[in-house]
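Participant: the sequence isn't on hand, but the structure is:
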């Protein structure tokens, strides 16, 4: 059984990856649909505002803090290789780091940066908006599933 500080780190891993999964799930299931239903200029302006608002300590603590925590758990698991829960801990770390953090850096942020460079009422923004919504949301689905999978893997590590 996982115990001591390792137990606390794993519980924090469940909480952090679960919170990230919830945020991503909300965007995948209704926020992006709501924004997509707006006229392009309004949708672009709203998403630009959301992207600025997201880079605040509360979300960054959850998102980046979970990435750091998953990396620490993964390294500690490799070094200590606890008898119980090791595979689940490694799966949890891989899911979050490769399936949530990775797509954020290589897929979602570049799309956010491209959107930020556009004037909301411009023809370029109107043309890019449906592409942005489709591609950004697809990658957000990946982040949602990976974060939820990481949380589940960490729970299984605690109960195994």
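Facilitator: Arrived safely, thanks for sending. Here the structure is a predicted model, which means the values were calculated and not measured. Numbers count the residues shown, from 1 in each chain.
Participant: can we go C-alpha only for contacts and neighbour counts from here?
Facilitator: Noted.
Participant: what's the burial count for residue 114?
Facilitator: Residue 114 has 12 neighbours, counted by other Cα atoms under 10 Å.
Participant: which neighbouring elements make contact with the helix or strand that it is a member of?
Facilitator: Assignment of secondary structure by DSSP states H and E places residue 114 within helix 109-116. Packing partners of helix 109-116 (3 or more Cα pairs under 8 Å, 6 or more residues apart in numbering; DSSP states H and E): helix 40-54, helix 123-159.
Participant: could you tell me the angle between the longest one and helix 109-116?
Facilitator: Read that as helix 123-159. Angular relation of helix 123-159 and helix 109-116 on a 0 to 180 degree scale: 150 degrees, by axes from the mean of the first three to the mean of the last three Cα atoms, to 10 degrees.
Participant: cool, the shortest one as well?
Facilitator: Helix 40-54 runs at 130 degrees relative to helix 109-116, counting by the same axes, to 10 degrees.
Participant: and the helices and strands packed on helix 109-116: which comes nearest residue 16?
Facilitator: Distances from residue 16 to each of those were compared using Cα to Cα; the shortest belongs to helix 123-159, at 7.9 Å.
Participant: isn't residue 111 up against residue 132?
Facilitator: Yes - shown here, residue 111 and residue 132 form a contact pair, counting by Cα atoms under 8 Å, at 6.7 Å.
Participant: pull the number of nearby residues for the closest residue to residue 2 other than its chain neighbours.
Facilitator: Distance criterion Cα to Cα, 6 or more residues apart in numbering; nearest residue to residue 2, sequence neighbours excluded, is residue 158 at 6.3 Å. Residue neighbour count, defined by other Cα under 10 Å, stands at 19 for residue 158.
Participant: list the contacts of residue 158.
Facilitator: Neighbour list for residue 158: 1-2, 7, 10-11, 85 [criterion: Cα atoms under 8 Å, 6 or more residues apart in numbering].
Participant: can I get the residues you listed in TSV with secondary structure and neighbour count?
Facilitator: Rendered in TSV, the data for the contacts of residue 158 read as follows (DSSP: H, G, I helix; E, B strand; the rest coil; neighbours: other Cα atoms under 10 Å):
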residue	secondary structure	neighbour count
1	coil	12
2	coil	17
7	helix	14
10	helix	24
11	helix	16
85	coil	21
